[in-house]
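Enquirer: got a sequence here, can you model it:
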Amino acid sequence: MSEKIKNPPGILKVIFEISRILIFIFMFSVFYFMVPPGRCMAAETPLCEICSNEISGQYYKVKDPESDKAEIFVCLSCYESTPRCEVCTGFMRKAHEFGGKNICKGCYEHYKDSPLCEICKINILGAYVKFTDPSTGKVSFVCEPCKKNSPACSLCNLPCASPAKVAGQSLCESCALKAKAAPVCKICDNPILTSYTHYKDKKTGTVIYVCDVCAKANGKCFVCGVPDANLKEAQRKDVCPKCFAELKKCYGCGNYIFRLSYKYDLTEQQYCEGCQKNTDKCDVCGLPTGANPVKLTDGRKICPDCESTAVKDVTEVRDLYASVAVFLSSDYHMNIGNVNKISFKEINEMRELGEKTPTAEKGVIPLGIFSRSGKEFDIFVQKNLPKNLLIGVLAHEYAHAFVHDRLPDFNDTLIDEGFAEWIRHKTLLKIGDDKGAKLIERRKDIYGDGFRKITEIESGKGIEGVFALFEKKW
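Expert: Purely as a prediction, here's the structure:
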């Protein structure tokens, strides 16, 4: 026997709901795995915004920066064939060529005012670095790829595509141009690209440049103070070759004169500060005697030069006087009485004779004196006078004797001394002592004033006008 049993209505309802949920899950899975995100299945028949055809299959909803719509429909074929922006990789209906790339309208609007890269010279689309030249204030921009792939300038640190080698450093074009105009270091002979010190040559005014690296690595010249790589030692001082070649030696002690020197008129001799300040002056020429003065028996000190030509023999004095007398007699017709004797006198004796001689300068010990007795003259001179100086003294005193032989009462001191110096000047020129002659021209005392007075008369009236001063007027 059989019995038919009916299912209760509640169970059927549960089974139905479970079945409906499973069907939904199955359909969702199929749709999810078979249709990519953004891709839609055409339930209706929309138009593709690119090709304007009806979309019969899959399509995309995309944002279009060139359309007023928020989203547009694009068929699968147009979506796959339309190019992408090389910056944002987004959908690009129309390409804009900019910065070496094809970009969409949105990116173009965003980057159209971007700066040019200093290296690749292309508008920068993306990250970049900004550089400011501290010396000129010029602002430069470099894109990130060029910054990574280009070497940096050794001077400004700016990346550069083709650096130039200057003084062992890699420089950009701008810094290389600066290097051409940069001063050159005296020591390494390279353009100075960093800090330096300049020195001015006091003699020529030339400016000398030394880079800080060379200045630290080398000592300074004791004379000019400029660093140098080839210093020479001179008397325990470091001197550069240029200054060493120009060093003078002191005429007194023979040592090098490094800085301060003393030079006297009409001589080429130079003296160091020590000889000038610490040694005696020659009692004959007035120059420093140096380390080895010659001491005379009368207490005088003379320099070696004056000692080398000093007249010590009275016979030589007579010979020199004879030569002076012949010259003045033949060239200027200056004849005087006979000379009785010629002798040397000590300093004290010359002082006393000078005080008794009317023509002698008061308060000054004369170097020589003509003493007249009737028609005869006695000549007294200091011993050890240099030869040229003695000749000039003899000529000077001879001129006094000539004037007072013709005009015993002549008392114009300016003319008298001026004429005697004028004759001495002529005599020194005769023997070739130009320096001694120029010393007369530069004298600022009565002797110099008188000499210039006689010279003016000679210029206006000739030698005859000079000698006319001493003609007897009856």
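
Enquirer: need the residue closest to the centroid of this structure.
Expert: Nearest residue to the geometric centre of the chain (Cα atoms, centre = their mean): V207, 1.5 Å.

Enquirer: dihedrals phi and psi, that one?
Expert: Note on V207: its backbone torsions stand at phi -90, psi 130 [degrees, to the nearest 10].

Enquirer: one more: L47?
Expert: Dihedral angles (degrees, to the nearest 10) for L47: phi -90, psi 140.

Enquirer: same deal with K301?
Expert: Dihedral angles for K301 - degrees, to the nearest 10 - are phi -120, psi 130.

Enquirer: in stretch 153-172, what's buried?
Expert: 153-156, 158-160, 163, 166-167, 169-172 (16 or more other Cβ atoms under 10 Å). Quick note: C-beta positions are derived from backbone N, CA and C, even for glycine.

Enquirer: just give me the least confident of those.
Expert: Lowest in pLDDT among the buried residues of stretch 153-172 is A167, which has 72.

Enquirer: wait, it sits on D189?
Expert: No. Using Cβ atoms under 8 Å, A167 is not in contact with D189, being 9.2 Å away.

Enquirer: show me where this structure dips below the pLDDT cut-off.
Expert: 1-14, 16, 24-44, 65-67, 135, 265-266, 358-361, 472-474 (pLDDT under 70).

Enquirer: domain ranges for it?
Expert: Listed by automatic domain parsing, the domain ranges of the chain are 41-111, 128-181, 196-246, 256-306, 309-470.

Enquirer: save the ones you listed as JSON lines, and put in distance to I15 too.
Expert: Below are the domains of the chain laid out as JSON lines (distance: least, Cβ to Cβ, whole Å):
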{"stretch": "domain 41-111", "distance to I15": "31"}
{"stretch": "domain 128-181", "distance to I15": "65"}
{"stretch": "domain 196-246", "distance to I15": "97"}
{"stretch": "domain 256-306", "distance to I15": "123"}
{"stretch": "domain 309-470", "distance to I15": "146"}
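
Enquirer: you'd agree K232 is up against A245?
Expert: No. Contact between K232 and A245 fails when scored by Cβ under 8 Å: they sit 9.7 Å apart.

Enquirer: got the contact list for the closest residue to A167 other than its chain neighbours?
Expert: In this structure, A167 finds its nearest non-sequential neighbour in N190, 3.8 Å apart by Cβ to Cβ, 6 or more residues apart in numbering. By Cβ atoms under 8 Å, 6 or more residues apart in numbering, the contact list for N190 reads 167-168, 184, 211.

Enquirer: now for those residues: which two are most distant?
Expert: The largest distance within the contacts of N190, taken as Cβ to Cβ, falls between G168 and V184 and amounts to 14.3 Å.

Enquirer: isn't A215 up against A229?
Expert: No. Applying Cβ under 8 Å as the test, A215 and A229 come out as separate, 10.9 Å apart.

Enquirer: how about the strands in the stretch 101-250 of the chain?
Expert: For the stretch 101-250 of the chain, applying DSSP state E, counting those that start in this stretch gives strands covering 101-103, 128-132, 139-143, 164-166, 169-171, 196-200, 207-211, 232-234, 237-239, 248-249.

Enquirer: in JSON lines, list the ones you listed along with distance to G90.
Expert: Listed next are the strands of the stretch 101-250 of the chain as JSON lines, based on distance: least, Cβ to Cβ, whole Å:
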{"stretch": "strand 101-103", "distance to G90": "10"}
{"stretch": "strand 128-132", "distance to G90": "22"}
{"stretch": "strand 139-143", "distance to G90": "21"}
{"stretch": "strand 164-166", "distance to G90": "42"}
{"stretch": "strand 169-171", "distance to G90": "41"}
{"stretch": "strand 196-200", "distance to G90": "56"}
{"stretch": "strand 207-211", "distance to G90": "56"}
{"stretch": "strand 232-234", "distance to G90": "77"}
{"stretch": "strand 237-239", "distance to G90": "75"}
{"stretch": "strand 248-249", "distance to G90": "87"}
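
Enquirer: and of the ones you listed, who's closest to K461?
Expert: That would be strand 248-249 among the strands of the stretch 101-250 of the chain, by Cβ to Cβ, at 45.7 Å.

Enquirer: rewinding a little: and A215 and A229? which has more neighbours close in?
Expert: Counted by other Cβ atoms under 10 Å, A215 and A229 do not tie: A215 has more neighbours, with 18 against 12.

Enquirer: what about the closest residue to the more buried one other than its chain neighbours, distance to Q270?
Expert: Spatial nearest neighbour of A215, chain neighbours left out: P227 (4.8 Å); criterion: Cβ to Cβ, 6+ apart. Distance from P227 to Q270, counting by Cβ to Cβ, to the nearest Å: 27 Å.
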